[in-house]
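[1] Show me the folded form of this:
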Amino acid sequence: MRGVAWWAVLSSSAAPVVFVGGWVAAAGLQGPGYDPFTDTISELAGAGAADPWLMAGAIGVLGVCHLVTALGLRAAGSVGRVLLAVGGVAAILVAFSPVPMSGGSLRHSAGVVVGYSSLALWPALAAFRSRQPRAWALRPQLAGAVSALFLLGALWFLEELWGHGDAGLAERVLTAGQTVWPLLVVASCLASGWPSGVTARAEPAAIRDAWGARRVQAGGMSATTLVTVHAVVPGPRPFRRVEIQGYDAGPAFRPEDVLRLCRDRGHHDVNLDDPAQVTWIGGDARTWS
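    Purely as a prediction, here's the structure:
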């Protein structure tokens, strides 16, 4: 799968089901004194709750899911993945730090602050230097807007919490969005496919065969220039495989396709004749058959 490990698909899909299902089930076990609009999710796992293990377990599983997703979401920027993992660790800390019946818990509060902050910032930073910029959820403008909304949601939650308002509602809206977003990022990566304008004209069987026969170098961080254009793969329509920053970018049928692939990944000033930028293997920019 393109930039996403199979376990990241499973973990990102399970996270919203387990977490939202957990708070719905746990709220149903509480007495009439619990109001989901004004009472927080943490209270469902607190010392005075009925069956607090249910919500604590859901929060812990959510944290594990975030960790697994961060590990397998290779298409996202590394800083964003680290923040997603930090959010997962914070959730696990919250699960093991229930709020007491009276007073507060410094460890619980710290976990909540770190968790909400990390999960609010990770969308924007996951789009920074991502390896799959054609995925719509990793486009900087959209990802930045999502991070801004999450930060506003966190401020809304704090305002409601300090003002004894609808803190439960604000927290549920915020956490639902933060729980679903990793799944949307994974789905957008899986749906992005080959770069537009190249896919429709490629010969899928020829590309598959070239990869399987190792006539094309696999992606990696061993590249010495920004762009590497590999030797021509013969077929009904010959093409050359392109790597950008050591990672597979797709097939090219002419020099314009190489430049398009570079632009798709944010490199707009590539000079195909500059050996410091582009490495040509098996022929120069005029060799396409």
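[2] which regions of the stretch 101-250 of the chain sit below the pLDDT cut-off?
    Applying pLDDT under 70 to the stretch 101-250 of the chain picks out residues 133, 193-223.
[3] One more pass at 90, please.
    101-106, 128-135, 164, 189-225, 234-238, 245-250 (pLDDT under 90).
[4] Tell me where it has strands.
    227-233, 239-244, 247-252 (DSSP state E, counting those that start in this stretch).
[5] Which neighbouring elements make contact with the one helix or strand residue 86 maps to?
    Per DSSP states H and E, residue 86 falls inside helix 78-95. If contacts are counted by 3 or more Cβ pairs under 8 Å, 6 or more residues apart in numbering; DSSP states H and E, helix 78-95 sits against helix 52-72, helix 106-126. Quick note: C-beta positions are derived from backbone N, CA and C, even for glycine.
[6] so can I have a markdown table of those showing distance to residue 226 and mean neighbour count?
    Listed next are these as a markdown table, based on distance: least, Cβ to Cβ, whole Å; neighbours: other Cβ atoms under 10 Å:
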| stretch | distance to residue 226 | mean neighbour count |
| --- | --- | --- |
| helix 52-72 | 26 | 22 |
| helix 106-126 | 22 | 21 |
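[7] what about these, which gets the closest to residue 16?
    Closest approach to residue 16 among the helices and strands packed on helix 78-95 (Cβ to Cβ): helix 52-72, 8.8 Å.
[8] Count the residues that sit near residue 188.
    19 (other Cβ atoms under 10 Å).
[9] How about residue 163?
    Residue 163 has 9 nearby residues by other Cβ under 10 Å.
[10] Kindly reformat the helices and strands packed on helix 78-95 as TSV containing distance to residue 276.
    Below are the helices and strands packed on helix 78-95 laid out as TSV (distance: least, Cβ to Cβ, whole Å):
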stretch	distance to residue 276
helix 52-72	34
helix 106-126	29
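[11] Report the separation between the residue lying closest to residue 90 once chain neighbours are set aside and residue 146.
    Sequence neighbours aside, residue 115 is the residue nearest to residue 90 in space, at 3.3 Å (criterion: Cβ to Cβ, 6 or more residues apart in numbering). Separation of residue 115 from residue 146 (Cβ to Cβ, to the nearest Å): 17 Å.
[12] so who does residue 149 touch?
    Each residue near residue 149 by Cβ atoms under 8 Å, 6 or more residues apart in numbering is listed here: residue 177.
[13] Look up how far residue 239 lies from it.
    41 Å.
[14] With residue 254 instead?
    For residue 254 relative to residue 239 (Cβ to Cβ), the value is 9 Å.
[15] if you count what's nearby, which of those two comes out ahead?
    It is residue 239, of residue 254 and residue 239, that has more neighbours when counted by other Cβ under 10 Å, with 26 against 12.
[16] Skipping its backbone neighbours, what lies nearest that one in space?
    Per Cβ to Cβ, 6+ apart, closest to residue 239 is residue 251, 4.2 Å.
[17] Surely the one you found and residue 237 touch.
    No. Counting by Cβ atoms under 8 Å, residue 237 is not a contact partner of residue 251; they are 9.5 Å apart.
[18] of these two, who's got more company?
    residue 251 (27 against 14).
[19] and that one, what pLDDT?
    We note a pLDDT of 89 for residue 251 in this prediction.
[20] what's the spacing between it and residue 57?
    47 Å.
[21] what are the ranges of the helices in this protein?
    Applying DSSP state H to the chain gives helices spanning 6-29, 52-72, 78-95, 106-126, 140-162, 167-192, 204-212, 255-264.
[22] Which among those helices is found nearest to residue 132?
    Per Cβ to Cβ, nearest to residue 132 of those: helix 167-192, 5.4 Å.
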